[in-house]
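Chemist: what's the 3D shape of this:
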Amino acid sequence: MNLKKLRRGLALALVAMGLGACAGPVAAQDYANSHLLTGTGDLAKMIAAEQVRVVDVRPREAYDAGHIPGAVHLGADDVIDPDSAVEGSLLMPEVLTQMLGWRGIDKETPVVFYDDKGGFHAARLFWLLEYFGHRQASVLNGGFPKWQAEGRSVSTLEPEVAAKAFSFTPMPRRLATADWLLDRRDDASVVVIDVRPEKLYQAGHIPWAKSIPWKLNLAQDGTMRPATELNLHFASRGVTPDKNVAVHCQNGKAAAHTYFTLRLLGYPRVRSYDRSWAEWGLADDLPKSVAAGKKG
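Modeler: Here you go, the predicted structure:
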């Protein structure tokens, strides 16, 4: 079967599953969970109505140089434990919930995260809130570059916000661990995605993980690709909504981007192996594959 026929067959399959084009004038960008992706125009309206907490996850110096008006700062690296033996590991939940509370966020606060990396960093904070039991988080499509490119207002003022109490209610179904992955290595209903660049995957990876780099989630302008394209992209690699999907990268950041993408598409069972290859790659008792196909 040639590539054109394969794509047509997959597209038809997606339509039958309710993931492809629908009858009527439906935009290609329509996502099953469209509320998880906020457009710049919608965010401007939410800010004007004071209905949102906007969180800038860029480095502090970038925030200080100019940010979306009313945005508070929580850098992507601020949530990382510098003393952990596993690179990129998160701080303890009680510390993270305090950091969120100080920024005026509790379980009832609508939150929009943004960065300047196509959501690379914003997505990890999105995953963190979902894992912590928060249900009203989203990511700004196109982030700060799109906001600026549209000529929208920028501020250098840091807002004063009233602290709130953020309670930690862990959602285990959003988190994968090394043991969880190992126990399901022969489970056909589980698919593991390694979202790192291909060269890192070839250097060493979980033997049953598929290589699907996270950057393929994005259009050239740094916004999310249309739903129809993304559904076809994942389905063509054997990643479908009926699967239990676990994503990982090097240290939890990039994995969250694909976690977010699949959640946006409506995949019901997605979790992030947040400690990722930083943990797995150093563990002598966990199996590994290298470019030559040898297992460790």
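
Chemist: how about the helices in the protein?
Modeler: 3-16, 40-48, 60-65, 93-102, 122-131, 143-149, 178-183, 198-203, 227-235, 253-265, 276-280 (DSSP state H).

Chemist: Of all those helices, which one comes closest to Val191?
Modeler: Relative to Val191, the nearest member of the helices of the chain by C-beta to C-beta is helix 227-235, separated by 9.5 Å. Glycine gets a C-beta too; all of them are placed from N, C-alpha and C.

Chemist: what's the angle between the closest one and helix 253-265?
Modeler: Helix 227-235 runs at 120 degrees relative to helix 253-265, counting by axes from the mean of the first three to the mean of the last three C-alpha atoms, to 10 degrees.

Chemist: list the helices and strands helix 227-235 packs on?
Modeler: Here helix 227-235 is seen to pack against helix 3-16, helix 253-265 when contacts are counted using 3 or more C-beta pairs under 8 Å, 6 or more residues apart in numbering; DSSP states H and E.

Chemist: weakest of those by average pLDDT?
Modeler: Ranked on mean pLDDT, the bottom entry among those is helix 3-16, at a mean of 42.

Chemist: Near Leu100, how many residues? Count them for me, please.
Modeler: As a burial measure, Leu100 scores 28 neighbours (other C-beta atoms under 10 Å).

Chemist: Surely it touches Phe166?
Modeler: Yes: the pair Leu100 and Phe166 qualifies as a contact (C-beta atoms under 8 Å) at a distance of 4.3 Å.

Chemist: any common contacting residues for the two?
Modeler: With contacts taken as C-beta atoms under 8 Å, 6 or more residues apart in numbering, Leu100 and Phe166 have Asp106, Phe132 as neighbours in common.

Chemist: Below-threshold pLDDT in this structure: ranges please.
Modeler: The chain contains residues with pLDDT under 70 at 1-29, 292-296.

Chemist: Number of residues surrounding Pro172?
Modeler: For Pro172, the tally of surrounding residues (other C-beta under 10 Å) stands at 10.

Chemist: Sorry, slip of the keys, the one I care about is Leu216.
Modeler: 15.

Chemist: neighbours around the closest residue to it other than its chain neighbours, how many?
Modeler: Leaving aside its chain neighbours, Leu216 sits nearest to His233 (6.4 Å; criterion: C-beta to C-beta, 6 or more residues apart in numbering). Each residue near His233 was counted by other C-beta under 10 Å, and the total is 17.

Chemist: quick one: His233 and Arg225 touch, right?
Modeler: Yes: applying C-beta under 8 Å, one finds His233 in contact with Arg225, separated by 7.4 Å.

Chemist: picking that back up, for the helices of the chain, which one sits closest to Pro287?
Modeler: helix 178-183 (8.0 Å).
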